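Undergrad: output the structure for:
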Amino acid sequence: MDLDRPEVTADATGRKRRPDGPGRAGRPHGPGRSAPLPAAAARLGLMVLPVAFFGVFFAYPVAAIVARGLHADGAWHLGRLPDVLARPDIRHVLWFTTWQACASTALTLLVALPGAYVFARLDFPGKQVLRAVVTVPFVLPTVVVGTAFLALVGRGGLLDDLWGVRLDTTVWAILLAHVFFNYAVVVRTVGGLWAQLDPRQAEAARMLGASPLRAWRQVTLPALGPAVAAAALMVFLFTFTSFGIVQILGGPTFSTLEVEIYRQTSEIFDLSTAAVLTLVQFAAVGAILAVHAWTVRRRESALRLVEASRTARRPRGAGQWALLAGVLATVAVLLVLPLAVLVQRSFDAPDFAYYRALTSDEGSVFLVPPIDAIGTSLEYAVAATAIALLIGGLAAPALTRRDAGRLVRGLDALLMLPLGVSAVTVGFGFLVALDEPPLDLRTSWILVPLAQALVGVPFVIRTMLPVLRAVDDRLREAAAVLGASPWRVWREVDLPMVRRALAVAAGFAFAVSLGEFGATVFIARPDNPTLPVAVARLLGRAGELNYGQAMALSTILMVVCAVALLALEGLRIADRTGEF
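TA: Predicted structure coming up:
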């Protein structure tokens with residue numbers, strides 16, 4: 001995931017410079033002045049459809065579900081907020097949500113920072129393939145992650161069979177699964193910047209007598225600090241709003257805000273409590289995104305950056321070889337082993353019995369054979385990707401300019417909110433809000449792709465922004481001076497340069513749409529289930545056959561996501577600062 005590339009590039013000597021923009025080249029307007037009115041109007045025009053999309057399919061459903069819970073008899077019952085927050089069970093949920101997010105973030109940083117160094121500074125055979133392997137867990141649906149760890153540490157899992165050890169329904173299973181899921185966030189985000197830091201700065205400190213540890217602490221760490229903080233905030237965001245992993249591995253003992261919202265909404269039918277928890281989560285996520293925006297601005301400080309290819313070297317000395325071996329062992333045990341056990345469990349029955357059972361609807365929890373969920377998921381994911389590319393492709397150019405006003409920057413934060421706001425609330429809000437013409441979509445197939453696209457749009461924007469910001473503004477100005485319309489400038493100048501980034505964005509949008517679970521679990525119909533919903537429903541039913549089918553479907557879903565990611569790795573633009 002891109003956390004916004006700083007507006008800093010490097011020349012051939014490694015000296016920091018900023019792209020020449022309007023004013024720096026002596027063109028239409030000077031530093032600090034706003035863009036010409038036609039350009040500003042065109043930029044705002046690009047935001048009309050994205051704003052409308054998020055207003056109708058995000059803000060409106062969330063507001064509707066909150067209003068349904070807190071507004072009755074013509075009055076707002078805001079007194080429910082202190083009443084709900086005073087309940088011991090709710091305070092325990094709030095405490096556990098915050099505690100496990102902090103613990104997951106710290107553990108992820110501890111485990112993943114050595115990996116960030118290895119990918120940034122060391123060159124070794126199979127590095128690109130390993131980079132793809134490391135990223136596979138991040139694009140997997142959380143329900144598959146939970147299933148994989150259930151096969152490893154749950155009842156009848158590998159640890160249970162070998163040593164009689166079970167970690168399911170314990171906090172350790174949740175923490176390890178969160179590290180598994182977020183390892184790539186730290187490696188990609190911190191490693192992307194680390195690979196471009198000029199190593200001569202640390203070498204100069206060493207020549208002046210500093211020890212390797214002191215040089216790292218006083219030179220490298222301050223430069224990496226904002227990137228580490230940004231990665232930590234994103235990991236905290238993902239774990240704070242964790243749903244599928246906690247629901248599968250936590251059992252009845254542990255519940256995060258997201259899980260509790262789901263329980264209050266679908267099991268207890270207490271919409272007022274769910275509405276209060278939604279507001280609490282919304283406020284917390286807003287604060288996290290505000291801190292994230294602050295760290296992004298800090299990353300725009302002066303850094304001496306060089307091409308990433310110039311900093312990676314073959315491991316030298318016993319220390320670097322030992323570090324590489326340790327990282328490879330960590331990847332094998334923490335990332336590869338759960339997925340391997342998942343695949344192995346899906347083949348436990350003779351003659352591929354679990355896979356063959358997927359083709360039958362006899363005794364199925366759905367109205368169709370579970371295998372049909374594959375085609376349904378692919379169709380929905382393609383539609384969601386198209387929507388995400390349209391919305392994100394319009395929003396990204398509008399967010400590109402540094403001289404964009406506060407309104408546009410505010411829209412940037414708005415478009416990130418679906419990553420952190422309760423997907424459960426959005427899904428149930430769809431059922432509550434989109435029930436009257438002209439927006440009566442409850443029986444329409446497009447409802448699921450719309451919910452999936454909400455999660456895909458931020459990935460499209462964050463993938464395209466670094467490339468768009470690297471385009472020299474003078475090229476756009478020259479095209480405009482020659483009479484090109486804003487649309488033609490985009491088509492002739494920007495599009496050729498962002499074509500590969502657009503393909504990468506499409507791949508990420510497809511992968512995350514394929515795995516969306518929180519909202520889809522409410523709106524997917526029994527005759528058209530998606531893969532994550534089918535896996536969760538099968539796991540929720542007793543019986544070895546249902547468990548085996550869940551493993552088989554999870555394996556299929558994992559393979560589809562892995563193939564998409566490997567295709568992305570082939571298209572991936574060379575590492576940029578902050579590009580995920």
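Undergrad: how about the helices in the stretch 351-500 of the chain?
TA: Ranges of helices within the stretch 351-500 of the chain are 353-357, 372-398, 406-416, 423-433, 447-470, 473-481, 486-489, 495-515, based on DSSP state H, counting those that start in this stretch.
Undergrad: buried residues in the second one, which are they?
TA: Of the residues in helix 372-398, those buried by neighbour count under the rule 16 or more other C-beta atoms under 10 Å are 372-374, 376-377, 380-381, 383-398. Using the backbone N, CA and C atoms, a C-beta is placed for each residue, glycine as well.
Undergrad: ok, the last one next?
TA: In terms of neighbour count (16+ other C-beta under 10 Å), helix 495-515 has its buried residues at 498, 501-515.
Undergrad: one more: stretch 428-444?
TA: Neighbour-count burial for stretch 428-444, with 16+ other C-beta under 10 Å as criterion, is recorded at Phe428, Gly429, Phe430, Leu431, Val432, Ala433, Leu434, Leu441.
Undergrad: distance between the ends of that stretch?
TA: Stretch 428-444 has an end-to-end distance of 15 Å (criterion: C-alpha to C-alpha, to the nearest Å).
Undergrad: cool, stretch 263-273 as well?
TA: 10 Å.
Undergrad: and that stretch, how far out from the chain's middle?
TA: Between the mean C-alpha point of stretch 263-273 and the mean C-alpha point of its chain there is a distance of 27 Å (C-alpha atoms, centre = their mean, to the nearest Å).
Undergrad: buried residues in it?
TA: Arg263, Gln264, Thr265, Leu271, Ser272, Thr273.
Undergrad: which ones among those residues lie within helices?
TA: Under the assignment DSSP state H, the buried residues of stretch 263-273 contribute Arg263, Gln264, Thr265, Leu271, Ser272, Thr273 to helices.
Undergrad: for burial, what's the neighbour tally of the closest residue to the second one other than its chain neighbours?
TA: With C-beta to C-beta, 6 or more residues apart in numbering as the measure, Ala274 is the residue that lies nearest to Gln264, at 4.1 Å, once sequence neighbours are left out. The number of residues packed around Ala274, counting by other C-beta atoms under 10 Å, is 27.
Undergrad: hmm, Gln452 is touching Thr520, no?
TA: Yes - between Gln452 and Thr520 there is a contact under C-beta atoms under 8 Å: 6.9 Å.
Undergrad: which stretches of the stretch 301-450 of the chain have low pLDDT?
TA: The model of the stretch 301-450 of the chain has pLDDT under 70 over residues 301-310, 361-367, 401-410, 420.
Undergrad: one more time with 90, if that's ok
TA: Scanning the stretch 301-450 of the chain for pLDDT under 90 picks out 301-320, 339, 341-342, 344-345, 348-354, 356-378, 392-447.
Undergrad: same deal with the stretch 51-200 of the chain?
TA: 51, 54-56, 59-86, 89, 116-171, 184-200.
Undergrad: other SSEs contacting the longest helix seen in the chain?
TA: If you go by DSSP H, the chain has its longest helix at helix 88-121. In terms of contacts (3 or more C-beta pairs under 8 Å, 6 or more residues apart in numbering; DSSP states H and E), helix 88-121 is packed against helix 80-85, helix 127-139, helix 171-194, helix 221-240, helix 257-266, helix 271-298, helix 317-330.
Undergrad: what comes up buried for the next helix or strand after the second one?
TA: Looking back up the chat, that one is helix 127-139. Using DSSP states H and E, the helix or strand that directly follows helix 127-139 along the chain is helix 142-153. Across helix 142-153, burial judged by 16+ other C-beta under 10 Å covers Thr142, Val143, Val144, Val145, Gly146, Thr147, Ala148, Phe149, Leu150, Ala151, Leu152, Val153.
Undergrad: quick one on the thing from earlier: what's the closest of the helices of the stretch 351-500 of the chain to Ala132?
TA: Closest approach to Ala132 among these is made by helix 495-515 (11.5 Å; C-beta to C-beta).
Undergrad: for whichever helix or strand comes after the closest one, what is the distance to the chain centroid?
TA: Remark: after helix 495-515, the chain's next helix or strand is helix 520-523, criterion DSSP H and E. Offset of helix 520-523 from its chain centre (C-alpha atoms, centre = their mean): 19 Å.
Undergrad: could you check the angle the helix or strand that helix 520-523 is followed by makes with helix 447-470?
TA: Sequence-wise, the next helix or strand downstream of helix 520-523 (DSSP H and E) is helix 531-539. Orientation note: helix 531-539 sits at an angle of 130 degrees relative to helix 447-470 (axes from the mean of the first three to the mean of the last three C-alpha atoms, to 10 degrees).
Undergrad: export helix 531-539 as CSV, just CAs?
TA: Provided in CSV are the C-alpha atoms of helix 531-539 (Å, rounded to 0.1, in the frame of the first residue of the first chain):
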residue,chain,number,x,y,z
LEU,A,531,-15.8,-17.3,-1.6
PRO,A,532,-15.1,-15.6,1.8
VAL,A,533,-18.7,-15.8,2.8
ALA,A,534,-18.8,-19.5,1.8
VAL,A,535,-15.7,-20.3,3.8
ALA,A,536,-17.1,-18.5,6.9
ARG,A,537,-20.5,-20.3,6.7
LEU,A,538,-18.8,-23.7,6.2
LEU,A,539,-16.6,-23.1,9.3
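Undergrad: sorry, back to before: using CSV, lay out the helices and strands packed on helix 88-121 together with distance to Leu342.
TA: Compiled in CSV, those are given as follows (distance: least, C-beta to C-beta, whole Å):
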stretch, distance to Leu342
helix 80-85, 38
helix 127-139, 11
helix 171-194, 12
helix 221-240, 21
helix 257-266, 22
helix 271-298, 30
helix 317-330, 19
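Undergrad: quick one: closest of the ones you listed to Gln549.
TA: Gln549 sits nearest to helix 171-194 of all the helices and strands packed on helix 88-121, at 21.3 Å, using C-beta to C-beta.
Undergrad: okay, now Ala564: neighbour count?
TA: 18.
Undergrad: er, Thr359 I mean
TA: 10.
Undergrad: and if you look at Leu475?
TA: Leu475 has 14 neighbouring residues, counting by other C-beta under 10 Å.
Undergrad: list the buried residues in stretch 244-253.
TA: Buried residues in stretch 244-253, counted by 16+ other C-beta under 10 Å: Gly244, Ile245, Val246, Gln247, Ile248, Leu249, Gly250.
Undergrad: which other helices and strands contact the host helix or strand of the fifth one?
TA: This means Ile248. Element membership of Ile248 [criterion: DSSP H and E] is helix 244-249. Counting contacts by 3+ C-beta pairs under 8 Å, 6+ apart, helix 244-249 is packed against helix 142-153, helix 171-194, helix 257-266, helix 531-539.
Undergrad: and those: which comes nearest Val93?
TA: For Val93, the closest of these is helix 257-266, at 4.8 Å, according to C-beta to C-beta.
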